[in-house]
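K.L.:
missing the sequence, but the structure's below:
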């Protein structure tokens, strides 16, 4: 067992676990952060999508030993305004567009969408159909058109 220290949702945490344990299990089982969902464990379904240092990643495929003390992990639980509790614009758009059906993939979908909008903005452009095609999160309920509508709605507010 080794100690691993990093930041999750703005708070520094230290966990004592084997170096090979995937970060998803550290988040869910050791830290009680259940927003990132387990879907496949092999970086395919993207249900666990979170952010590391502001970029989308999938903690199901990353051993905790790859996370350093300067890394900042953000999960769906960490995107609301910490001062007011107000939802992130992407979460608001999800509700406005009535995206969720079963809801299982939604935290990962939202986190991937936020990262994609931020990426497009950092490149000085709006989100495009090509950007949507790069979001590979799986929705078994098939709400992809509502997801796109929500992302466009939120992008206008971000």
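P.N.:
All right, it came through fine. Quick caveat, the model's predicted, so the values are computed rather than measured. Numbering: from 1, shown residues only.

K.L.:
the strands in the chain, which residues?
P.N.:
Shown for the chain, the strands assigned by DSSP state E span residues 2-8, 11-17, 50-52, 55-57, 72-74.

K.L.:
could those be laid out in CSV, adding mean neighbour count?
P.N.:
(Each C-beta comes from the backbone N, C-alpha and C, glycine too.) Shown next, in CSV, are those (neighbours: other C-beta atoms under 10 Å):
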stretch, mean neighbour count
strand 2-8, 16
strand 11-17, 13
strand 50-52, 23
strand 55-57, 17
strand 72-74, 20
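
K.L.:
which one of the ones you listed lies nearest to residue 104?
P.N.:
For the strands of the chain, the distance to residue 104 is smallest for strand 50-52, at 15.3 Å, taking C-beta to C-beta.

K.L.:
show me this protein divided up by domain.
P.N.:
2-77, 89-155 (automatic domain parsing).

K.L.:
distance to residue 83 and mean pLDDT added to those domains, as TSV?
P.N.:
Listed next are these as TSV, based on distance: least, C-beta to C-beta, whole Å; pLDDT from 0 to 100:
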stretch	distance to residue 83	mean pLDDT
domain 2-77	11	97
domain 89-155	16	95
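
K.L.:
out of the strands of the chain, which is closest to residue 133?
P.N.:
With C-beta to C-beta as the criterion, residue 133 lies closest to strand 55-57 of the strands of the chain, at 14.9 Å.

K.L.:
just checking: what are the partner strands of the closest one?
P.N.:
If you go by DSSP bridges, strand 55-57 pairs up with strand 50-52 (antiparallel).

K.L.:
returning to that earlier point: make CSV from the strands of the chain and add distance to residue 120 to it.
P.N.:
Listed next are the strands of the chain as CSV, based on distance: least, C-beta to C-beta, whole Å:
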stretch, distance to residue 120
strand 2-8, 26
strand 11-17, 29
strand 50-52, 15
strand 55-57, 13
strand 72-74, 18
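
K.L.:
of all those, which lies closest to residue 109?
P.N.:
Nearest of the strands of the chain to residue 109, taken as C-beta to C-beta: strand 55-57 at 10.8 Å.

K.L.:
tell me how far that closest one is from the chain's mean position?
P.N.:
In this view, strand 55-57 has its centroid 7 Å away from the chain centroid, taken as C-alpha atoms, centre = their mean, to the nearest Å.

K.L.:
which residues touch it?
P.N.:
Contact with strand 55-57 is made by 49, 50, 51, 111, 112, 115, 116, 119, as judged by C-beta atoms under 8 Å, 6 or more residues apart in numbering.

K.L.:
many thanks, I have nothing further to ask.
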